[in-house]
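Visitor: Need the 3D shape of this:
(one chain, ligands or ions: 1)
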Amino acid sequence: ELPKTKISHRDALLNAESSIAKIKDSVNKDLLRLKYHFMAPAYWINDPNGLIFYKGEYHLFYQHYPYAPQWGSMHWGHAKSKDLVHWEHLPIALAPSESYDLDEKGGCYSGSAVDDNGVMSLLYTGTIIRDGKVIQTQNLATSKDGITFEKYEGNPVISSPPEDGSSNFRDPKVWKHEDTWYMIIGSSKDEKGNALLYKSPDLRQWDYVGVLAESDGTMGTMWECPDFFPLGDRYVLMFSPMGMGDRKAIYLIGDMDYETGKFEWDVIGDVDTGFEYYAPQSFLDGKGRRVIIAWLNAWDWMPWFKNFGPTSKNNWCGAMSTPRTVELDVDGRLKFPPVEELKVLRREHYHHANTKVVPGVPLLPEYVGSDCLEIKVELQLAGCQAEEVGFVLRASKDREQQTLLSYNLQSKELRFDRSKSDGWSGGIQTVRLEASETLQLHIFIDTCVIEVYADNYRVALTNNIYPDPSSVHLDLYAVGDIVNLNTLDIWKL
Ligand code: FRU
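Guide: Just a heads-up that it's a prediction; the model follows:
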């Protein structure tokens with residue numbers, strides 16, 4: 001049980017740890033557990049927080065409720081990694097304990113981490129509800145060893161939003177430019193999402209600069225988890241808008257003027273167009289790469305709308321995407337290739353080249369895959385008369401259960417169809433690809449997660465499915481005419 005009255009931070013952390021310790025072994029036995037995507041040891045996870053490369057290791061914090069497989073008063077779970085693939089769980093870093101963050105419907109909301117001269121410094125939103133009003137403040141917690149965190153006694157470091165009618169005030173993302181710390185906070189005004197800019201000499205005293213960027217009325221009513229970073233000679237603003245329909249992770253590319261505190265953008269795109277990819281956070285790593293990790297879920301199907309999802313009966317819910325890098329493409333748009341470290345997961349390899357996908361003839365008839373695969377394919381489109389080509393993924397032997405990833409050569413649409421995936425998730429998603437001589441897809445399957453890349457990593461599509469563990473059949477099919485297959489590589493992971 002979450003304590004209802006004031007408690008020391010240390011005791012709040014110990015309570016949370018013992019709740020997880022009691023259940024984690026039984027959770028680990030669940031067949032739906034993912035094999036190489038990051039999950040909490042048990043119970044609930046949402047946004048990635050405080051991503052940082054610190055003293056030679058990657059740290060990942062995350063929104064965590066350590067008492068049930070559902071959203072509840074927010075803690076910060078914690079893990080670290082040497083290679084972005086294998087993660088070691090660490091003690092929970094933040095628990096609600098203070099007047100500004102102890103609340104059953106609030107807690108230690110999302111935020112970010114910076115290295116302040118060797119001191120790992122977390123900036124997060126404290127959320128409490130008083131007289132039905134949500135009160136959100138920005139707070140600091142620091143650590144010298146990167147494991148044990150103390151909340152700053154001068155918290156909150158920002159105690160209210162600017163007095164201009166802003167409501168919602170959360171998810172601080174902090175960075176250093178020259179000798180000054182900057183922070184953006186997700187907010188909204190007049191039903192339009194925006195990102196507010198602050199600056200500070202020391203992470204403790206903050207001055208409001210102004211609105212960095214805001215919706216033009218078509219980009220959502222609130223910008224959750226904004227993130228802002230330089231890339232090449234440009235800047236990128238990412239955020240997860242509320243009230244923008246299916247679009248859940250947007251990026252804007254533009255130029256930053258630190259004199260005026262304004263970001264002028266000219267390119268808009270989607271970080272991922274899948275059903276379940278939310279609140280990506282970025283960080284710069286030791287190799288100079290800009291890496292992002294996102295929560296593999298979305299609020300739309302969350303408990304208060306529908307139910308907790310198939311894994312919650314096994315006492316866990318939620319996971320993180322595999323890490324992707326953010327790169328500027330030649331035409332000034334973004335691409336998001338998965339980090340190359342993932343190659344260490346590759347085991348048995350199957351290679352096909354220069355063959356044909358013939359309608360009605362399964363190319364991989366006896367292929368029993370695995371619930372963990374990496375697939376790379378290149379198909380010839382130029383001069384091809386077929387209507388459609390695609391993969392049958394995670395299929396049962398009789399194909400009663402199957403997930404279809406297909407490409408329509410006329411409409412140039414990539415289509416992810418999970419209407420027969422599991423009898424639970426449902427839904428069809430399409431994304432239009434650019435005209436090209438070939439279709440190249442890169443797919444990662446891990447138990448309940450499918451991450452798909454197309455258009456040279458400019459398109460990403462991430463969805464959850466919950467088929468039976470025995471549904472591991474795979475095929476490649478064509479409709480209407482033969483499709484030439486240049487290469488197909490399949491790795492068991
Ligand atoms: C985004 C979000 C954040 C908030 C956190 C609470 O998924 O709603 O805006 O800080 O989750 O858990």
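
Visitor: For the ligand, see how far away residue 129 is.
Guide: 13 Å (Cβ to the nearest ligand atom, to the nearest Å). Yep, even glycine has a C-beta here, placed from its N, CA and C like the rest.

Visitor: Where do the helices of this structure begin and end?
Guide: Secondary structure of the chain (DSSP state H): helices at 9-28.

Visitor: Run through the residues of it sitting next to the ligand.
Guide: Neighbours of the ligand within the chain, by Cβ under 6 Å from any ligand atom: 46-47, 63, 74, 109-110, 125, 170-171, 224-225, 278-279.

Visitor: Kindly recompute the last result at 5 Å.
Guide: Residues of the chain lying close to the ligand by Cβ under 5 Å from any ligand atom are 47, 63, 74, 109-110, 170-171, 224, 279.

Visitor: how about these in TSV, adding neighbour count?
Guide: What follows is these, written out as TSV (neighbours: other Cβ atoms under 10 Å):
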residue	neighbour count
47	26
63	26
74	29
109	25
110	28
170	24
171	30
224	23
279	27
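
Visitor: now those as JSON lines including pLDDT?
Guide: Output for the residues of the chain next to the ligand, formatted as JSON lines (pLDDT from 0 to 100):
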{"residue": "47", "pLDDT": "98"}
{"residue": "63", "pLDDT": "98"}
{"residue": "74", "pLDDT": "98"}
{"residue": "109", "pLDDT": "98"}
{"residue": "110", "pLDDT": "98"}
{"residue": "170", "pLDDT": "98"}
{"residue": "171", "pLDDT": "98"}
{"residue": "224", "pLDDT": "98"}
{"residue": "279", "pLDDT": "98"}
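
Visitor: Among those residues, which ones are in strands?
Guide: Judged by DSSP state E, strands contain the following of the residues of the chain next to the ligand: 47, 63, 109-110, 170-171, 224, 279.

Visitor: of those, closest to residue 29?
Guide: residue 63 (24.7 Å; Cβ to Cβ).

Visitor: wouldn't residue 192 be in contact with residue 217 here?
Guide: Yes - Residue 192 lies in contact with residue 217 (Cβ atoms under 8 Å); the separation is 6.1 Å.

Visitor: between these two, which one's more packed in?
Guide: In this view residue 192 and residue 217 are compared by other Cβ atoms under 10 Å, and residue 192 has more residues nearby, 19 against 11.

Visitor: who touches the closest residue to the more buried one other than its chain neighbours in this structure?
Guide: Closest residue in space to residue 192, ignoring its immediate chain neighbours: residue 215 at 4.2 Å, by Cβ to Cβ, 6 or more residues apart in numbering. With contact set as Cβ atoms under 8 Å, 6 or more residues apart in numbering, residue 215 has these partners: 192-194, 221, 223, 241.

Visitor: Give me the phi and psi angles of the closest residue to residue 460 other than its chain neighbours.
Guide: Closest residue to residue 460 apart from its sequence neighbours, by Cβ to Cβ, 6+ apart: residue 272 at 4.3 Å. Note on residue 272: backbone dihedrals following degrees, to the nearest 10 are phi -160, psi 140.

Visitor: list the contacts for residue 272?
Guide: Residues near residue 272 by Cβ under 8 Å, 6+ apart: 248-249, 280, 294, 321, 336, 460-462.

Visitor: Tabulate those residues in TSV, adding columns for pLDDT.
Guide: Shown next, in TSV, are these (pLDDT from 0 to 100):
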residue	pLDDT
248	94
249	97
280	98
294	98
321	98
336	98
460	98
461	97
462	97
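
Visitor: so which of those is the most crowded?
Guide: Using other Cβ under 10 Å as the neighbour criterion, residue 294 leads the contacts of residue 272 with 29 neighbours.

Visitor: Now do the same contact list for the spatially most central residue of the chain.
Guide: Against the mean C-alpha coordinate of the chain, by Cα atoms, centre = their mean, the closest residue is residue 294 at 1.2 Å. By Cβ under 8 Å, 6+ apart, the contact list for residue 294 reads 48, 249, 271-272, 277-281, 320-321, 462.
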